[in-house]
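> No sequence on hand, only this structure:
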């Protein structure tokens with residue numbers, strides 16, 4: 001399966017309409033991004049049940065800023081509208097396969113409970129004076 005180019009216009013629909021999306025934040029001038037591209041593309045061929053997407057951080061600066069991308073390439077995995085993984089750096093094939101396997105194995109009900117508990121705790125924390 002070919003990768004999908006994400007833009008600010010289609011990002012929400014692609015992520016919302018698909019339960020498991022891998023996102024590669026990259027730029028054409030980035031050597032490690034070019035090194036990771038064939039590894040990512042090959043994984044997309046092996047895992048045709050998943051959506052593999054790319055965000056060009058040069059043309060989609062708002063998306064890169066929204067996700068606080070500070071280093072590229074950065075790989076993010078979103079399952080059921082929850083970011084379950086984000087890591088900068090070009091992963092070798094075996095590491096990418098391992099991350100995909102771990103993300104597939106997540107109990108999303110438990111993940112959602114953890115996210116909600118963290119949000120609840122954050123709301124209960126007193127604000128620090130600035």
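Arrived safely, thanks for sending. Note that the coordinates shown come from a computational prediction; the quantities given were computed from them, not determined experimentally.
> quick one, strands of this protein?
4-5, 20-26, 51-56, 74-79, 82-88 (DSSP state E).
> Name every strand pairing with the second one and say which way it goes.
Taking DSSP bridges as the criterion, strand 20-26 forms sheet pairs with strand 51-56 (parallel), strand 74-79 (antiparallel).
> again with the first one
In its sheet, strand 4-5 lies beside strand 51-56 (parallel), with partners assigned from DSSP bridges.
> what bridges to the most centrally placed residue in the chain?
By CA atoms, centre = their mean, the chain has its centre lying nearest to residue 76, at 1.8 Å. Taking DSSP bridges, one obtains residue 23, residue 86 as the residues bridged to residue 76.
> So it is in contact with residue 15, correct?
No. Contact criterion CB atoms under 8 Å: residue 76 and residue 15 do not qualify, at 10.1 Å. The C-beta positions use only the backbone N, C-alpha and C, and glycine is treated the same way.
> Mean neighbour count, the strands of the chain: which tops it?
strand 20-26 (a mean of 24; mean count of other CB atoms under 10 Å).
> how about the strands paired with strand 20-26 in CSV, adding mean pLDDT?
Shown next, in CSV, are those (pLDDT from 0 to 100):
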stretch, mean pLDDT
strand 51-56, 97
strand 74-79, 96
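> can you redo those strands as CSV with distance to residue 24?
Listed next are these as CSV, based on distance: least, CB to CB, whole Å:
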stretch, distance to residue 24
strand 51-56, 5
strand 74-79, 6
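> Residue 88 is nearest to which of the ones you listed?
With CB to CB, the closest approach to residue 88 among the strands paired with strand 20-26 belongs to strand 74-79: 4.5 Å.
> Ok, which of the strands paired with strand 20-26 comes nearest residue 124?
Nearest to residue 124, of all these, is strand 74-79, at 26.7 Å by CB to CB.
> now the helices for the chain?
In the chain, the helices defined using DSSP state H lie at 11-17, 31-46, 61-66, 93-104, 108-124.
> Just the buried residues of the fourth one, please?
It refers to helix 93-104. For helix 93-104, the neighbour count (16 or more other CB atoms under 10 Å) marks 96, 99-100, 103 as buried.
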